[in-house]
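Engineer: I would like to see how this sequence folds:
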Amino acid sequence: METNILYTHKDLVEKSKFGDRNSQYRLYELYIDAMYNISMRMLGIKEDAEDIVQESFIDAFKNLKSFRYESTFGSWLKRIVINKSINHLKLKKIPVTPLDQHEYHISEEIDEQIMAIDISKIKSGINLLPNGYKQIINLYLIEGYDHIEISEILGITISTSKSQYHRAKKKLVEIVNTF
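Structural biologist: Purely as a prediction, here's the structure:
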């Protein structure tokens, strides 16, 4: 018998739709750590990440009736957390520089340098990036969004997403090489 991943935790989700607090708490326990890590990578401030995650769970449980199993519950919740984190950054007015008319190409050398660097140095380097760059790197490399999705999430063009990613990657290499 094949299990459909879209229905992971279906019993908890369905009970939560009807207001079962125990099921809601169980879903919270299952997803809190992952959602906090996502928000923390985006925001970099513990208190802000905690607030965003709490607000995300509240919104998710309020709007659970609209959840239709078109994705897993976890990915649906992740999208809420990412959108709330981005909105929080927008309120702080952290700009993403539009570069619509430029295409930047990074040589294969830089890609090879990134692959050879110790992962802890990369994590430290990401934390030192300017917030706009950190946002693009997190969405693309860590969360796995493509440039089309990033452009929709951030309200920028696809070419801006690509160029910001390449600039962020180049800056990351510079930072990590100083360690």
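Engineer: I'd say Leu64 and Lys15 touch.
Structural biologist: No - in this structure, Leu64 is not within contact of Lys15 by C-beta atoms under 8 Å, at 10.3 Å. For every residue, glycine as well, the C-beta is placed using N, CA and C.
Engineer: list the residues that contact both of the two?
Structural biologist: Common contacts of Leu64 and Lys15 (C-beta atoms under 8 Å, 6 or more residues apart in numbering): none found.
Engineer: stretch 41-49: how far from the chain's middle?
Structural biologist: Using C-alpha atoms, centre = their mean, to the nearest Å, the distance from the centre of stretch 41-49 to the centre of the chain it belongs to is 12 Å.
Engineer: give me the buried positions along stretch 45-65.
Structural biologist: 48-49, 52-57, 60-61, 64 (16 or more other C-beta atoms under 10 Å).
Engineer: tell me the one among these nearest to Leu154.
Structural biologist: Proximity of the buried residues of stretch 45-65 to Leu154 (C-beta to C-beta) peaks at Ile52, which lies at 16.2 Å.
Engineer: now do the closest one against Glu143, distance only.
Structural biologist: For Ile52, the distance to Glu143 equals 15 Å [C-beta to C-beta, to the nearest Å].
Engineer: now swap in Tyr28 and tell me
Structural biologist: In terms of C-beta to C-beta, Tyr28 sits 21 Å off from Glu143.
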